[in-house]
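Undergrad: Need a 3D model of the sequence below.
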Amino acid sequence: MGSIRIVENRCANIGQAEFPTFYMNDFSVLGIVVHQLEQAVSVLRERGYLVREERGLNRVTFKDNQQLQQILAELAGRKVEYSLSDLVGCAYQG
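TA: Alright, predicted model coming up:
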């Protein structure tokens, strides 16, 4: 069982994510970046996927790689533009 974050428009709200205070450059968090977050969440919930919101961030739960691929296919099938991206690269690192 796993989960993956869904964020909107190149990492909106990613500053609310919990990252380690100090980390090496090879630290990453894979996420689904969509152009329309509400539509993506609605599509996934309609299809029976568990999407939870925690501290302003959405996560979709999946049981295995096959189900993750089905989630991505659902988004594509409903014309929800998405990409898989490293979310840490979107956070301020100053």
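
Undergrad: max-length helix in this structure?
TA: In the chain, taking DSSP state H as the definition, the longest helix is helix 65-77.

Undergrad: Which strands or helices does that one pack on?
TA: Helix 65-77 is packed against strand 30-34, helix 37-46, strand 57-62, strand 82-86, with contacts defined by 3 or more Cβ pairs under 8 Å, 6 or more residues apart in numbering; DSSP states H and E. Placement of C-beta: from N, CA and C, glycine included.

Undergrad: quick one: the third one to helix 65-77, angle?
TA: Read that as strand 57-62. For strand 57-62 against helix 65-77, the angle by axes from the mean of the first three to the mean of the last three Cα atoms, to 10 degrees is 120 degrees.

Undergrad: Find the nearest non-adjacent residue to residue 47, please.
TA: Leaving out its chain neighbours, the residue that sits closest to residue 47 by Cβ to Cβ, 6 or more residues apart in numbering is residue 74, at 5.2 Å.

Undergrad: burial measure for that neighbour, as a count.
TA: For residue 74, the count of nearby residues is 17 (other Cβ atoms under 10 Å).
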